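Enquirer: Need coordinates for the below:
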Amino acid sequence: MTNESQLTVFACRMCGHCCTGRGGIIVSPKDLQRLSVHMGLTPQTVLDRYCERMGGKWQVRCGDDGRCIFFRDGKGCAVHEGKPAICRAWPFFRGNLEDPLSWELAQDFCPGIDRHARHEDFAAQGRRYLREQNLLASDPSCEANALILKD
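Expert: Numbering: from 1, shown residues only. Reported below is the predicted structural model:
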């Protein structure tokens with residue numbers, strides 16, 4: 001299996017940029033199970049304490065600072081081992097893989113994306129990573145649309 005250390009187009013810097021912004025951290029049923037096991041809580045307790053329903057999907061709440069409630073400055077993700085697929089997949093979202101302009105915007109946003117990489121290389125490594133890590137989604141009713149690829 002590929003891991004982040006084998007990726008040449010991305011190396012997470014744990015800056016928290018991708019942890020900012022309300023409404024993007026989808027919690028699929030599979031994510032909920034992984035989070036609840038990791039946290040030692042029932043799925044319902046995880047939903048009650050840490051999630052909210054937005055756009056028909058469960059999502060991780062944000063704090064007053066606009067960041068995911070699990071993000072800790074200087075420490076990164078407090079639930080790293082149990083984090084949702086959408087977090088595991090960043091920056092390999094459908095838009096960034098399929099659209100060079102979206103990818104360029106992501107490069108400006110995320111210091112972990114190699115600025116010298118070609119979009120074709122980024123897309124190829126990203127698709128491989130998503131498949132190998134079993135992060136692709138298929139159910140738009142409860143999973144992150146950014147992880148549903150067209151091909």
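
Enquirer: Tell me which residues touch Asp114, please.
Expert: Counting by C-beta atoms under 8 Å, 6 or more residues apart in numbering, Asp114 touches Thr8, Val9, Phe10, Ala11, Phe122. C-beta: built from backbone N, CA, C; applies to glycine.

Enquirer: what do you get if the cut-off is 6 Å, keeping everything else the same?
Expert: Val9 (C-beta atoms under 6 Å, 6 or more residues apart in numbering).

Enquirer: can you list contacts of stretch 36-50?
Expert: Contact partners of stretch 36-50, identified using C-beta under 6 Å, 6+ apart, comprise Leu32, Leu35, Val79, Glu81, Gly82.

Enquirer: how about the longest helix seen in the chain: buried residues?
Expert: The longest helix of the chain (DSSP state H) is helix 119-132. Neighbour counts over helix 119-132 (16 or more other C-beta atoms under 10 Å) mark His119, Phe122, Ala123, Gln125, Gly126, Arg127, Tyr129, Leu130 as buried.

Enquirer: Over to stretch 50-70?
Expert: Neighbour-count burial for stretch 50-70 [16+ other C-beta under 10 Å]: Tyr50, Cys51, Lys57, Trp58, Gln59, Val60, Cys62, Arg67, Cys68, Ile69, Phe70.

Enquirer: End to end on that stretch, go ahead and measure it.
Expert: Stretch 50-70 has an end-to-end distance of 9 Å (C-alpha to C-alpha, to the nearest Å).

Enquirer: Same question for stretch 68-75.
Expert: 13 Å.

Enquirer: Leu101 versus the spatially closest residue to Gln133 that is not a sequence neighbour, what's the distance?
Expert: Leaving aside its sequence neighbours, Gln133 sits nearest to Arg88 (C-beta to C-beta, 6 or more residues apart in numbering; 6.5 Å). Distance check for Arg88 against Leu101: by C-beta to C-beta, to the nearest Å, it reads 24 Å.
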